[in-house]
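K.L.:
structure for the following, please:
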Amino acid sequence: MKISASIYSNKKDSLKETIAQLDENQVDFFHVDCNDDLSVFDDIVEIREYSKKPIDLHIITDTPEKYYDKLERIPVEYVTFQFENLKEKLQIPKSIKAKKGLAVVTPTPVEAFEEYADEFDFILIMATIPGQSGGTFDPVNFRKIREFSQKYPDKKIHVDGGVNGEVSFIIRNMGVFSAVSGSYLFNEGQVGKALLSLKATDTASHYLVKDFMRTNGEVPKLTPDKRSFKDVLTSIEDYKLGFTILTSDSGKLEGIISNADVRRGLIKNIDDISKISIEDMVNSNPVRANENDTVEELLKLIKSKSFPINFLPVVNDTDEVCGVITFFNLVKGEL
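P.N.:
Take a look at the predicted model:
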């Protein structure tokens, strides 16, 4: 996951000193907030004197057209407009080559992106109140990230607000492309230390698994009456997660069947595939997480196993399936 440093969150140093500090610690982007103030382009010109690193410009205005000429003459790599301030649909000239994004606050549904889906490259999910540094990440946005990813799988997700080491681990695992960090980055005392925390895989968290897991409606599950070989293959194919979960009629976890389990079942019955049975494929005692586990407890569970874990069913205290955690994006999200 890329880290976009919010340069105006550094209240102690000059712009030149801030850029030098961030460059030295290899931050990925410079995030520039523009609250309807054309003078930020003076700062962008100055930044270009010190660094060639990509600039990530977030504009909050109800008159976006007055910025188009500036964006043509002083180009940036990423430009985002705040959706809630717009009076009508954006009509950005094709001569502006920046990757384009739409920023939305927490109460705004991701469907706001729909009318821009053919032209824009990413969404910026504002997880705290725009313009207020040091806010707390609202966990409702974990759901929004999942919803957007499912609805627009080819679009990138950027997140701004409340991104500390704890939140960073979770959203990296969810496949977020870029996270804006401001007060956390500069208030830690050492930018390098804070950046390392934002990119680290091993981190503690006060958030619970149920805050960011895929919930039941997003999880492939099969009850006892739907367990033919075709049912298994269809369930795995429909959800694109590489597995399906077996539950009792009351929802209790009875096992998992993964792509690898299907292959083993086929190999065992290669001379007569018609003889394949669920028992040939199912892992009847899979590793599982509890919905009330913290990220720290989740990591301890994973590290205690001698085999790689790509996904975990999530259960409640009575062993009923309530979700799934997947880890595919911990690698994918770094690319």
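K.L.:
care to break this protein down by domain?
P.N.:
The chain breaks down into these domains under automatic domain parsing: 2-203, 214-327.
K.L.:
pick the most buried one from the ones you listed.
P.N.:
domain 2-203 (a mean of 18; mean count of other CB atoms under 10 Å). (Glycine included, C-beta is placed from N, CA and C.)
K.L.:
in the chain, which spans are helices?
P.N.:
15-24, 40-50, 68-73, 140-151, 165-173, 183-187, 191-199, 209-212, 229-239, 259-268, 295-303, 329-332 (DSSP state H).
K.L.:
pick out the shakiest of those helices, pLDDT-wise.
P.N.:
Across the helices of the chain, helix 329-332 has the smallest mean pLDDT, namely a mean of 52.
K.L.:
ok, and the closest non-adjacent residue to I325?
P.N.:
In space, and not counting its chain neighbours, I325 is closest to L312: 4.8 Å by CB to CB, 6 or more residues apart in numbering.
K.L.:
any idea how far M174 is from the one you found?
P.N.:
15 Å (CB to CB, to the nearest Å).
K.L.:
so, low pLDDT: which residues of this structure?
P.N.:
129-135, 187-205, 329-335 (pLDDT under 70).
K.L.:
centre-most residue in it?
P.N.:
V176 (2.8 Å; CA atoms, centre = their mean).
K.L.:
now it. Nearest residue, chain neighbours left out?
P.N.:
Nearest to V176 is I157, by CB to CB, 6+ apart, at 4.9 Å.
K.L.:
go on, D36?
P.N.:
T61 (4.3 Å).
K.L.:
hmm, that neighbour is touching D33, no?
P.N.:
No: taking contacts as CB atoms under 8 Å, T61 lies outside contact range of D33: 11.7 Å.
K.L.:
about what we covered before: contacting residues for the residue nearest to the centre of the chain?
P.N.:
Counting by CB atoms under 8 Å, 6 or more residues apart in numbering, V176 makes contact with M1, I145, I157, H158, V159, G333.
K.L.:
now do 6 Å
P.N.:
With contact taken as CB atoms under 6 Å, 6 or more residues apart in numbering, V176 is in contact with M1, I157, V159.
K.L.:
just L22 next, same as before
P.N.:
A5.
K.L.:
still on that earlier bit, reformat the contacts of V176 as TSV; add distance to Y78.
P.N.:
Converted to TSV, the contacts of V176 look like this (distance: CB to CB, whole Å):
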residue	distance to Y78
M1	15
I157	13
V159	14
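K.L.:
in strands only, show me those.
P.N.:
Secondary structure from DSSP state E places I157, V159 of the contacts of V176 in strands.
K.L.:
wait, which of the contacts of V176 is closest to A260?
P.N.:
M1 (27.7 Å; CB to CB).
K.L.:
for burial, what's the neighbour tally of the closest one?
P.N.:
By the criterion of other CB atoms under 10 Å, M1 has 25 neighbours.
K.L.:
before we move on, the earlier item: quick check: the gap between the residue nearest to D36 and E237.
P.N.:
Where E237 is concerned, T61 sits at a distance of 45 Å (CB to CB).
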